[in-house]
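**Student:** Whatever this is, show me its structure:
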Amino acid sequence: MSDQTVIANAIVRQKFYYFARKAFQELYPGETFLDNWHIRTMVWHLEQCARGNIKRLIITVPPRHLKSFLATVAFPAWLLGRDPTAKIITASYAQPLANEHTRLFQDIVQSEWYPEAFPEMILQAGQNRANEQITTANGYRKATSVGGSLTGMGGNYIILDDVIKPEDATSETIRTRTNDWYSNTLISRLNNPSEDVIIAVMQRT
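**Tutor:** Reported below is the predicted structural model:
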């Protein structure tokens, strides 16, 4: 491995911004990463969550501003690369959306460059499922939907990504059901409520 590669790997391990740019190139070859202040702001706050300086974070930006890519796809890959024992739960309004985020996450961690940058993050053989990936250090990324079962699962990070569809935001029934699931099921999944992190990603409606 060249000195240049060693330095590049060290940078993506330490700085989420550069990891996210590399992950974007992996997932969307040929597309341009349009840098902007809102991306660097989201990245900075997510880094603070990883460092334990922020325990509760809400990201509300319009669609197609890379919030899901950053928070739900790239961030868990970076977290598990740095700490393969981390336990991450992601939740969306529907399982197909949660599974799509999982597929993108898998594409990152199965890329050629990822194992070089994060050699300690290894997925258990036979444990790379559509909604769950478990590392050899017993960390994981678990993807579920609102109302989904989380029996036996605990998390250090809970990432909520569009848990209500915009067209359902005016429905009191759906809002109540979602809030009840969050309060009665999801919040109890934190392993250490005073130290673990909850991140909510959504658009304003």
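**Student:** ranges for the strands of this protein?
**Tutor:** 56-60, 87-92, 123-128, 132-135, 140-145, 157-161, 197-202 (DSSP state E).
**Student:** Worst mean pLDDT among the ones you listed?
**Tutor:** Set side by side, the strands of the chain show their lowest mean pLDDT on strand 123-128, which sits at a mean of 79.
**Student:** Can you name the residues that contact the residue most central in space within the chain?
**Tutor:** The centre of the chain sits closest to Thr72, judged by CA atoms, centre = their mean, with a distance of 2.8 Å. Thr72 sits next to 90, 92, 101, 105, 159, 161, 201 when contact means CB atoms under 8 Å, 6 or more residues apart in numbering. Any C-beta I mention is one placed from the backbone N, CA and C, and that applies to glycine too.
**Student:** re earlier: which among the strands of the chain is found nearest to Trp181?
**Tutor:** strand 87-92 (8.8 Å; CB to CB).
**Student:** what's the closest one in contact with?
**Tutor:** Contacts for strand 87-92 (CB under 8 Å, 6+ apart): 72, 76, 79-80, 98, 101-102, 139-146, 148, 150, 153-163, 186, 189, 191.
**Student:** Quick one, which of those are buried?
**Tutor:** Buried subset of those (neighbour count, 16 or more other CB atoms under 10 Å): 72, 76, 79-80, 98, 101-102, 139-146, 148, 150, 155-163, 186, 189.
**Student:** re earlier: is it possible to export the strands of the chain to JSON lines including distance to Gln110?
**Tutor:** Formatted as JSON lines, the strands of the chain follow (distance: least, CB to CB, whole Å):
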{"stretch": "strand 56-60", "distance to Gln110": "26"}
{"stretch": "strand 87-92", "distance to Gln110": "17"}
{"stretch": "strand 123-128", "distance to Gln110": "8"}
{"stretch": "strand 132-135", "distance to Gln110": "10"}
{"stretch": "strand 140-145", "distance to Gln110": "13"}
{"stretch": "strand 157-161", "distance to Gln110": "20"}
{"stretch": "strand 197-202", "distance to Gln110": "24"}
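**Student:** from the ones you listed, which stretch is densest packed?
**Tutor:** strand 87-92 (a mean of 26; mean count of other CB atoms under 10 Å).
**Student:** Would you give the sheet partners of that strand, along with the direction of each?
**Tutor:** strand 140-145 (parallel), strand 157-161 (parallel) (DSSP bridges).
**Student:** so which of these comes closest to Trp37?
**Tutor:** strand 157-161 (21.7 Å).
**Student:** Which residue ranges of this structure form helices?
**Tutor:** 3-14, 16-27, 37-50, 67-68, 75-82, 95-109, 114-117, 172-181 (DSSP state H).
**Student:** quick one: contacts for Phe24?
**Tutor:** Phe24 neighbours (CB under 8 Å, 6+ apart): 31, 33, 66, 69, 74.
**Student:** I meant to write Gln110 there.
**Tutor:** So Gln110 contacts nothing (CB under 8 Å, 6+ apart).
**Student:** quick one, phi/psi of it?
**Tutor:** phi -100, psi 10 (degrees, to the nearest 10).
**Student:** What score does it have for pLDDT?
**Tutor:** Reported pLDDT for Gln110: 94.
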